[in-house]
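Student: Show me how the following folds:
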Amino acid sequence: MTVEQTSPLNDPVPDTINVHQRKRHKVKAASNINNSSEKTQAALETLFLGYTTTGAEEGGTPNANEWLIPPLIMTLTWCSWWFICRSSDVSGSVRIKVVSALAMMILAQGTPAAFFLPLMVSVSVVTPKPQVEPVYFIQSPAPVSKPNSRLQELYRWKIADFIYPNEARRLEAIANGSFKPENNLPLGLDVWQNRIFVTFPIWKSGIPATLATIPRNPSLTGGNRSPRFSPYPNWSWHGNNNCYGMTSVFRITVDPCGRLWVMDSGITDVAISPRQTCPPQLLIFDLKSDDIILRYRLPDDQVKQDSIFTNIVVDIRDGKCDEAYAYITDSWRYALIVYSLQQDHSWRIANNLFYPDPLASRYTLHGITWRWNDGIFGIALSPVDPDTNDRSLIYHPMSSFREFVVPVSYIRNKTLADLNPDAFQPLGEPRATRNGHASAQAIDRRGILFQNLVTQDSVWCWNSQQPYGYRPELLGVVGHDNVSLNFPNDLKVDNELHQNVWVLSNRLPHYLYAKVDHNDYNYRILTARTDKAVQGTVCDPNYDIVPQQPPVGQDIGSSFGFPF
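Tutor: Okay, the predicted model is just below:
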């Protein structure tokens with residue numbers, strides 16, 4: 001059989017030619033064109049269509065390129081489409097330009113438009129996956145990776161010691177085990193005039209006094225930065241175990257009327273096997289005379305099994321000292337005790353928002369990991385709102401990363417509190433997603449909240465008067481130090497004309513779960529004026545908070561140096 005040879009230039013393309021023949025005719029024709037622009041056109045045609053001048057003759061079998069290159073080109077093209085459509089960095093205008101270029105190349109080669117129609121439509125229509133970026137605000141907190149503090153260290157101790165009537169009595173107490181210096185851990189504090197009051201709960205045996213004082217000014221201690229503690233009001237109130245004195249005090253508060261409110265939990269051996277040695281009682285002392293004004297024992301129906309009363313704040317309006325209210329936290333049985341001085345009566349309030357968050361019950365600090373299920377713990381009172389003539393109680397469970405709030409008018413009336421559980425509300429957003437545990441907190445007259453972040457070795461602040469709420473990016477750093485602020489436990493704001501914030505750090509996890517190195521300084525008291533403590537931070541009332549979007553790719557938490 002002979003095959004008729006015809007010139008490619010003169011070979012007509014019959015109407016009935018099949019698809020492969022039609023494509024081969026085009027390529028054969030292109031290979032014989034001498035014009036350089038037409039050669040370029042032919043090269044592009046070969047690249048995008050997958051056929052070469054060496055293809056099979058009419059009616060023959062197409063070469064490998066005819067079958068391999070088109071699927072490869074299509075795969076690469078669709079991969080490019082996927083990247084373009086999923087990338088949030090590719091703008092709509094760029095996508096349109098890409099589509100236009102593809103369309104021009106495809107149509108110029110005579111390729112059926114239907115082949116790339118899905119690509120063209122999808123690239124034009126599909127938009128990037130939305131990236132929801134929260135609004136954040138300009139501020140300048142210090143990174144927690146480096147020590148930085150506006151707080152001045154006033155005192156520090158390697159071990160706590162007490163002033164006994166004489167040295168012989170002290171040595172006798174050590175010999176008989178009633179005083180074990182290594183077991184004495186300072187926990188709570190407050191300040192009035194020239195005295196600092198410090199509590200020593202009976203965590204273990206050998207703690208001779210549960211409440212003591214030291215001079216406020218180190219010059220009164222002869223410059224000694226580790227002074228001995230003097231039992232308050234005197235030794236007769238301590239160590240009797242007869243429930244007529246003090247048993248085990250966690251925290252205290254000084255009111256604007258010059259009175260010291262002492263919440264005596266009555267629980268001893270807390271770190272070993274807690275036992276209710278004496279009934280919980282509220283004591284009030286006149287600080288001008290150090291005489292007791294009132295002793296109020298909590299009714300049995302307000303004390304549950306394993307209740308532990310850990311914190312107290314006092315609410316006084318317009319200088320009416322006799323109309324004071326005290327708010328007391330029960331951290332292990334998740335309740336708030338409200339006491340009215342005028343009525344000499346108390347009531348217990350429960351709410352679901354007093355409970356701990358199970359996801360926040362795990363703590364890790366300085367290589368020590370433990371679990372606590374402590375509920376409502378840190379409490380603070382806002383200034384009086386001139387519009388409502390009311391205050392807010394801002395509080396948080398210890399094992400939680402959130403703040404909560406309730407108008408004080410609701411908790412001053414037990415019936416109102418019980419009938420309106422929704423009056424208790426979350427305040428803003430969680431301060432962190434991990435390591436956001438806070439202990440004590442307090443608010444100054446300007447509405448600046450100070451709080452101890454125990455698993456951050458930090459003291460933070462928040463301006464409750466700004467309109468953007470409680471949120472991580474609006475929290476400033478007053479101080480951070482892995483040494484001097486190792487587990488900042490208690491915090492108070494005093495009642496002076498120029499208010500000061502006071503912080504006590506005590507390495508509590510080492511005391512409870514590891515070993516305290518008594519060759520090192522373990523307990524500290526630090527202080528600063530509240531206005532100086534927040535100056536230049538986002539908490540400063542003069543700070544210009546400007547809402548804006550965070551820089552591309554920047555995590556909000558990490559931008560502040562916190563390991564969120």
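
Student: shaky segments in the stretch 401-550 of the chain?
Tutor: Residue ranges of the stretch 401-550 of the chain with pLDDT under 70: 548-550.

Student: 50 instead?
Tutor: The stretch 401-550 of the chain contains residues with pLDDT under 50 at 550.

Student: for it, what spans make up the helices?
Tutor: If DSSP state H, counting those that start in this stretch is used as the criterion, the helices of the stretch 401-550 of the chain fall at 408-411, 414-419, 508-513, 530-534.

Student: hey, C-alpha coordinates of the shortest one in CSV?
Tutor: Output of helix 408-411 as CSV, limited to C-alpha atoms (Å, rounded to 0.1, in the frame of the first residue of the first chain):
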residue,chain,number,x,y,z
VAL,A,408,-23.5,46.2,95.0
SER,A,409,-27.2,47.1,95.5
TYR,A,410,-28.1,43.5,94.6
ILE,A,411,-25.8,41.8,97.2
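
Student: Run through who's touching that helix.
Tutor: Defining contact as C-beta atoms under 8 Å, 6 or more residues apart in numbering, one finds that helix 408-411 is touched by 315, 325, 327, 336, 338, 349, 381, 390-393, 416-417, 420, 423-424. Glycine gets a C-beta too; all of them are placed from N, C-alpha and C.

Student: for those residues, which one is nearest A271?
Tutor: Ranked by distance to A271 (C-beta to C-beta), the contacts of helix 408-411 are led by L336 at 25.0 Å.

Student: Please identify which helix or strand holds the closest one.
Tutor: For L336, the element it lies in under DSSP states H and E is strand 335-340.

Student: what about L419, how many residues close to it?
Tutor: Applying other C-beta atoms under 10 Å, we find 10 residues neighbouring L419.

Student: Could you find the closest non-adjacent residue to A160?
Tutor: Leaving aside its chain neighbours, A160 sits nearest to N184 (4.0 Å; criterion: C-beta to C-beta, 6 or more residues apart in numbering).

Student: wouldn't the one you found be in contact with I207 here?
Tutor: Yes - here N184 lies in contact with I207, judged by C-beta atoms under 8 Å, at a distance of 5.3 Å.

Student: so what sits against both of those two?
Tutor: F200.

Student: before we move on, back to that, in strands only, show me the contacts of helix 408-411.
Tutor: In strands, defined here by DSSP state E, the members of the contacts of helix 408-411 are 315, 325, 327, 336, 338, 349, 381, 392-393.

Student: Reformat those into TSV and put distance to S230, neighbour count and pLDDT next to each item.
Tutor: Formatted as TSV, the ones in strands among the contacts of helix 408-411 follow (distance: C-beta to C-beta, whole Å; neighbours: other C-beta atoms under 10 Å; pLDDT from 0 to 100):
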residue	distance to S230	neighbour count	pLDDT
D315	30	18	99
Y325	31	20	99
Y327	29	24	99
L336	33	24	99
V338	33	22	99
I349	37	22	99
L381	30	19	99
S392	37	22	98
L393	33	21	99
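
Student: out of these, who's nearest A175?
Tutor: Nearest to A175, judged by C-beta to C-beta, of the ones in strands among the contacts of helix 408-411 is Y327 at 42.6 Å.

Student: Surely that closest one and L336 touch.
Tutor: Yes - the pair Y327 / L336 is scored as a contact, 6.1 Å apart, by C-beta under 8 Å.

Student: show me what contacts V406?
Tutor: With C-beta under 8 Å, 6+ apart, V406 has these contacts: 392-393, 395, 423-425.

Student: Find the nearest non-adjacent residue to it, please.
Tutor: Once flanking residues are discounted, V406 sits nearest to F424: 4.6 Å by C-beta to C-beta, 6+ apart.

Student: That neighbour: neighbour count?
Tutor: For F424, the tally of surrounding residues (other C-beta under 10 Å) stands at 21.

Student: And for the one 4 residues further on?
Tutor: Using other C-beta under 10 Å, G428 has 17 other residues around it.

Student: Return the residues in contact with it.
Tutor: Residues in contact with G428 (C-beta under 8 Å, 6+ apart) are 403, 469-471.

Student: are any of the residues you listed buried, and which?
Tutor: Using 16 or more other C-beta atoms under 10 Å as the burial test, these include 403, 470-471 as buried.

Student: Inside strands: which ones of those residues?
Tutor: Using DSSP E, those in strands are E403.

Student: May I see the buried ones among the contacts of G428 arranged in a markdown table, with distance to P488 as well?
Tutor: Output for those, formatted as a markdown table (distance: C-beta to C-beta, whole Å):
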| residue | distance to P488 |
| --- | --- |
| E403 | 17 |
| Y470 | 19 |
| R471 | 22 |
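
Student: Pick out whichever of the buried ones among the contacts of G428 sits closest to C461.
Tutor: Nearest to C461 out of those is Y470 (C-beta to C-beta; 11.5 Å).

Student: Next, the contact list for the closest one, please.
Tutor: By C-beta under 8 Å, 6+ apart, Y470 lies in contact with 403, 427-429, 431, 462, 464.
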